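1. Provided below are the primary sequence and the corresponding predicted coordinates.
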Amino acid sequence: MNNINKKRLLKSTISAAILAALVGCNSSDSNDAKTDPVDPVETVKFTVLHTNDNHGRFWHNKYGEYGMAARKTLINQLREKVEADGGEVLLLSGGDINTGVPASDLQDAVPDFIGMNHIEYDAMAVGNHEFDNPRDILEMQKNLAEFPMLSANIYLKDKNERLFDAYKIFDVNGLKVAVIGLTTEDTAKIGNPEYTSDLEFRDPKAEAKKVIAELEASEKPDIILATTHMGHYENGVFGSNAPGDVALANALEAGALDAIIGGHSQNPVCMEPGTTDYAEFTPGDECTPDKQNGTYIMQAHEWGKYVGRADFEVTGEEVKLTNYELIPVNLKEKNEDGERVLIGEEIKKDEDLYALLEYYQKKGEEALNGVIATGNGKLEGDRAVVRSQQTNLGTLIATAHHSKIAKASFAVMNSGGVRDSINKDGIDNYEITYNDVLLVQPFGNMVTSVTMPGANVVEYLNTVATMQVGSGAYAQFAGIDMSVDCAASQVTINTIGGQDFDESAEYTFTVPSFNAAGGDGYPKVNTTENGYVDSGFVDADVLKGFIEEKGHINAADYTPSGVVYVNSASANGCQVAAE
């Protein structure tokens, strides 16, 4: 980092030497002459503001929380404060702008990128969900963005060249700041294979080393940052996920990156001071970022709920973090009376951006708010739950899928394709809308079917049913009764479709097209040898049709049953420590 700072240091040292010489020459005239002390090295301030995992949340939620219009007001206020204190701001995103809210999904995240333009983001990491759509949509978004989308480790296979710029150089308050983009290599299995088959997601650690060496040889930046979409995992324990930011920091020379501004795991990276253990963070609490191998690691939870603020001072070769905080964006908590009240002061919405985004919100709402059925009880799709145990919503979706295909007797549904709950508050007699369905299944995957002998079904499920808890690969099931030995990676099937299992019989089951093509690391079964059929039915439309036909959904009717896990640290799925 330090070419410019070395020049500053040299300049200051020369000035001090000249001043000392002049004082020496004049000492006979006045032995009492005094000079002000000279600071040999200039201290320069700069601030990084950051968000990540926007997932279509350009608009505030029904409680008035977050939303891009309020985010713009907050960021403008922070810019003014930083500049008044002699600093300058760099605004970064940890990626995943796409997928999660139907009003955004139906409009290809155009309102989200427009919002980012108006907020004046400086750069973003490319997230895995940027590949949820056909590549022409990604190209449209890239052209729409008035800031670079960065990723050093995504290559076109046939050309051996990067799909995006690896880095961008910024002048921040006189400092030469390099920002490298990196994307989780898991995108190869959790991105839609239909849109990523011509791409190679290389090891970000190796690519980071390569880019840092290039930067130091040619650009000689004062500061090197990485904006990443790789995930932060406590103490670097990443389980069945690809290695994340902690692994990245520890794979490099100490302090090679001054800071990593991350995303993907969608957690607030706030540590117990002096440790590498997560703190019990709640909105408004103080937040200490992680520091690994001389590199600060930061992540601002998700959806624009917070704006992360990291204030740095650079003195010579020393880069010091003087302040860090996660600032809640109109988040609320329930008081003793059960009323939702603001945490901190209200952040007013920027009027111009609000008016602009309102157009897109109304446009999206028109297609989404028709009631399709009623229901009782919560249908559980919360990320932390559905990726760790069988849930009633997982069962409902899987049932809807295999019920649509006449030949199918059971269903496999990846939990990463379940993106929200229906009826979060668990009230009785609520209405279900198309919007609710699209919140749950926003990806537009096809319901596909596979037909194979029972022995092959066992082999397939030996892999799929033993995917570890905590990842989107963890499978939800319907129509099958089996025991899963997590240590042996072996299933024992008792019944399928209510009939005794026979290894010599043929069975048809449904699986999302994403997983049939090898997504989430599932065995690739979209071949004629496996009796693969693409039904042409979109998953969300199948779920909508099933719910509409039922007219009323009682959550208790879809209580999971039939799958038992053994030899695991969790009774709800496979959790086996890696050797």
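-> Nice, thanks for sending it over.

2. neighbours around residue 441, how many?
-> Counted by other Cβ atoms under 10 Å, the residues lying close to residue 441 total 25. Every residue, glycine included, has its C-beta placed from N, CA and C.

3. Please tell me how far the residue nearest to it when sequence neighbours are not counted sits from residue 193.
-> Distances taken as Cβ to Cβ, 6 or more residues apart in numbering place residue 540 nearest to residue 441, at 4.2 Å, with adjacent residues excluded. In this view, residue 540 and residue 193 are 19 Å apart by Cβ to Cβ, to the nearest Å.

4. looking at it, residue 126 is touching residue 149, isn't it?
-> Yes - in this structure, residue 126 is within contact of residue 149 by Cβ atoms under 8 Å, at 5.3 Å.

5. intersection of neighbour lists for the two?
-> Jointly contacting residue 126 and residue 149 under the rule Cβ atoms under 8 Å, 6 or more residues apart in numbering are 164, 181.

6. how many other residues sit next to residue 379?
-> Every residue meeting other Cβ under 10 Å relative to residue 379 is counted, giving 27.

7. Can you report phi and psi for it?
-> According to degrees, to the nearest 10, the main-chain angles of residue 379 amount to phi -100, psi 110.

8. and it, what is it in contact with?
-> Applying Cβ under 8 Å, 6+ apart, we find residue 379 in contact with 391-393, 396, 421-423, 553, 555, 558.

9. So, low pLDDT: which residues of the protein?
-> For the chain, applying pLDDT under 70 flags the ranges 1-40, 240, 577-579.

10. So what are the structural domains in it, by residue number?
-> As given by automatic domain parsing, the domain ranges for the chain are 1-41, 42-359, 371-566.

11. Just put those domains in TSV and tack on distance to residue 575.
-> Formatted as TSV, the entries for the domains of the chain read as follows, by distance: least, Cβ to Cβ, whole Å:
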stretch	distance to residue 575
domain 1-41	41
domain 42-359	8
domain 371-566	5
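
12. And the strands in the stretch 401-550 of the chain, which stretches?
-> When assigned using DSSP state E, counting those that start in this stretch, the strands of the stretch 401-550 of the chain occupy the ranges 410-414, 430-433, 446-453, 475-478, 480-485, 490-496, 499-500, 506-512, 533-538.

13. Please render those strands as a markdown table that adds mean neighbour count and distance to residue 367 to the earlier fields.
-> What follows is the strands of the stretch 401-550 of the chain, written out as a markdown table (neighbours: other Cβ atoms under 10 Å; distance: least, Cβ to Cβ, whole Å):
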| stretch | mean neighbour count | distance to residue 367 |
| --- | --- | --- |
| strand 410-414 | 27 | 25 |
| strand 430-433 | 18 | 10 |
| strand 446-453 | 21 | 21 |
| strand 475-478 | 26 | 27 |
| strand 480-485 | 21 | 35 |
| strand 490-496 | 17 | 38 |
| strand 499-500 | 10 | 41 |
| strand 506-512 | 25 | 23 |
| strand 533-538 | 15 | 14 |
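
14. Could you measure from the closest residue to residue 193 other than its chain neighbours over to residue 348?
-> If you skip the residues right next to it in sequence, residue 193 has residue 517 as its closest partner in space, 3.7 Å away by Cβ to Cβ, 6+ apart. Spatial separation of residue 517 from residue 348 under the definition Cβ to Cβ is 46 Å.

15. and the closest residue to residue 61 other than its chain neighbours, how many residues sit next to it?
-> Distances taken as Cβ to Cβ, 6+ apart place residue 67 nearest to residue 61, at 7.5 Å, with adjacent residues excluded. The criterion is other Cβ under 10 Å. On that basis, residue 67 has 25 neighbouring residues.

16. about what we covered before: pick the one among the contacts of residue 379 closest to residue 169.
-> Sorting those by how near they are to residue 169, with Cβ to Cβ, puts residue 421 at the top with 43.4 Å.

17. Settle it for me: which of residue 517 and residue 348 has more neighbours?
-> More neighbours surround residue 517 than the other of residue 517 and residue 348, with 20 against 13 (other Cβ under 10 Å).

18. how about that one, phi and psi?
-> phi -90, psi 0.

19. Now do the contacts for it.
-> By Cβ under 8 Å, 6+ apart, the contact set of residue 517 is 192-194, 524, 526.

20. Could you report the separation of it from residue 63?
-> Counting by Cβ to Cβ, the gap from residue 517 to residue 63 is 38 Å.

21. Same question for residue 490.
-> Here the criterion is Cβ to Cβ. By it, residue 490 lies 46 Å from residue 63.

22. What of residue 97?
-> For residue 97, the distance to residue 63 under the criterion Cβ to Cβ works out to 22 Å.

23. again with residue 427
-> Between residue 427 and residue 63 the distance is 16 Å, computed by Cβ to Cβ.

24. which of the contacts of residue 517 lies closest to residue 338?
-> In terms of Cβ to Cβ, no member of the contacts of residue 517 lies closer to residue 338 than residue 192, at 41.5 Å.

25. What backbone torsions are found at the closest one?
-> Torsion angles at residue 192 (phi, psi; degrees, to the nearest 10) stand at phi -70, psi 120.

26. How much space separates it from residue 444?
-> 9 Å.

27. more crowded one of these two?
-> Using other Cβ under 10 Å, the more surrounded residue of residue 192 and residue 444 is residue 192, with 22 against 17.

28. so who does the more buried one touch?
-> Contacts of residue 192 by Cβ under 8 Å, 6+ apart are 131-132, 443, 445, 514, 517, 519.

29. Distance to residue 334 added to these, as a markdown table?
-> Written out in a markdown table, the entries for those read as follows (distance: Cβ to Cβ, whole Å):
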| residue | distance to residue 334 |
| --- | --- |
| 131 | 38 |
| 132 | 34 |
| 443 | 32 |
| 445 | 36 |
| 514 | 37 |
| 517 | 43 |
| 519 | 38 |
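
30. Need the max-distance pair from the contacts of residue 517.
-> 192 and 524 (13.5 Å).

31. doesn't residue 436 make contact with the residue nearest to residue 441?
-> No - the pair formed by residue 540 and residue 436 falls short of the contact definition of Cβ under 8 Å, at 10.3 Å.

32. In terms of neighbours, single out the busier of the two.
-> Comparing residue 540 with residue 436 by other Cβ under 10 Å, the one with more neighbours is residue 436, at 25 against 21.

33. In contact with the more buried one, which residues are there?
-> Residues residue 422 are the ones in contact with residue 436 under the rule Cβ under 8 Å, 6+ apart.

34. before we move on, which element is the residue nearest in space to the middle of the chain in?
-> Centroid-nearest residue in the chain, with Cα atoms, centre = their mean: residue 264, separated by 2.5 Å. For residue 264, there is no host helix or strand (DSSP states H and E).

35. any idea how far it lies from residue 190?
-> Distance of residue 264 to residue 190, given as Cβ to Cβ: 10 Å.

36. Now the common contact residues for those two.
-> Taking Cβ under 8 Å, 6+ apart as the contact rule, the neighbours common to residue 264 and residue 190 are 128, 184.

37. how about the domains of the chain, which one is nearest residue 576?
-> If you check each of those against residue 576 by Cβ to Cβ, domain 371-566 wins as the nearest, at 5.2 Å.

38. centre of the chain versus the closest one, how much separation?
-> The chain centre lies 23 Å from the centre of domain 371-566; the measure is Cα atoms, centre = their mean, to the nearest Å.

39. can you pull out the helices in the stretch 101-250 of the chain?
-> Defined through DSSP state H, counting those that start in this stretch, the helices belonging to the stretch 101-250 of the chain, from first to last, are 102-105, 110-119, 135-144, 187-190, 193-196, 204-218, 245-251.

40. Indicate which one of those helices is closest to residue 571.
-> Evaluated with Cβ to Cβ, those place helix 187-190 nearest to residue 571, the distance being 25.7 Å.

41. in stretch 244-254, what counts as buried?
-> Counting neighbours by 16 or more other Cβ atoms under 10 Å, one finds that the buried residues in stretch 244-254 are 244-249, 251-252.
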